[in-house]
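>>> this is a predicted model, with the sequence first.
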Amino acid sequence: MLVVLDTSVLIDFLRGRPVVERVRALRVTGRVAATTAVNVDELARGRRPGEGEAIRGLLSGLVLIEIDHDAAWLAGTWRRDAAATGRTLWQADCLIGAASQRRGATLATGNPKDFALPGLQVEHWPVGV
């Protein structure tokens, strides 16, 4: 089973916070750590000086799941439906969530409120814990 690591989890991993052990434990349980191109973009944009190599090392150990047409359509549908009720959803979060859902993956995030999307399986991995 895939577990898609959101940017908040990846940042905690890079900072050496306790989430490191949780990520490493995925293999023991037969789960596979993954991420999306959106998360890669967020890490590249927000990296601190000198972090590039560490980020590339982390990413090299993750499965990169595709944001295909169906995932993009689902993300757009979620945003459209939310907008009809006066709620604005972030495009990046919807793309990450839709890619995860389309692959039958669980999304691990420190910000579960950002991923309150229909049918998406979310695990709360508290930030900094």
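Alright, I've got the coordinates.
>>> which stretches in the chain count as strands?
All strands of the chain, identified by DSSP state E, fall at 2-5, 32-36, 63-65, 106-109, 121-124.
>>> mind giving me the packing neighbours of the second one?
It stands for strand 32-36. On a contact count with 3 or more CB pairs under 8 Å, 6 or more residues apart in numbering; DSSP states H and E, strand 32-36 meets strand 2-5, helix 19-28, strand 63-65, helix 91-102. Heads up, the C-betas are built off the backbone N, CA and C, glycines and all.
>>> list the contacts of it.
1-6, 10, 23, 26, 59, 61-65, 67, 95-96, 99-100, 103, 105 (CB atoms under 8 Å, 6 or more residues apart in numbering).
>>> run through the protein and note the low-pLDDT ranges.
Along the chain, segments meeting pLDDT under 70 span 129.
>>> which of the residues in the longest helix along it are buried?
Scanning the chain for the helix with the most residues, using DSSP state H, yields helix 69-84. Residues of helix 69-84 classed as buried: Ala71, Ala72, Leu74, Ala75, Trp78, Arg79 (neighbour count, 16 or more other CB atoms under 10 Å).
>>> name whatever forms a beta bridge with Thr106.
According to DSSP bridges, the partner residues bridging Thr106 are Val3, Gln121.
>>> my guess is it meets Val3, correct?
Yes - the pair Thr106 and Val3 qualifies as a contact (CB atoms under 8 Å) at a distance of 5.2 Å.
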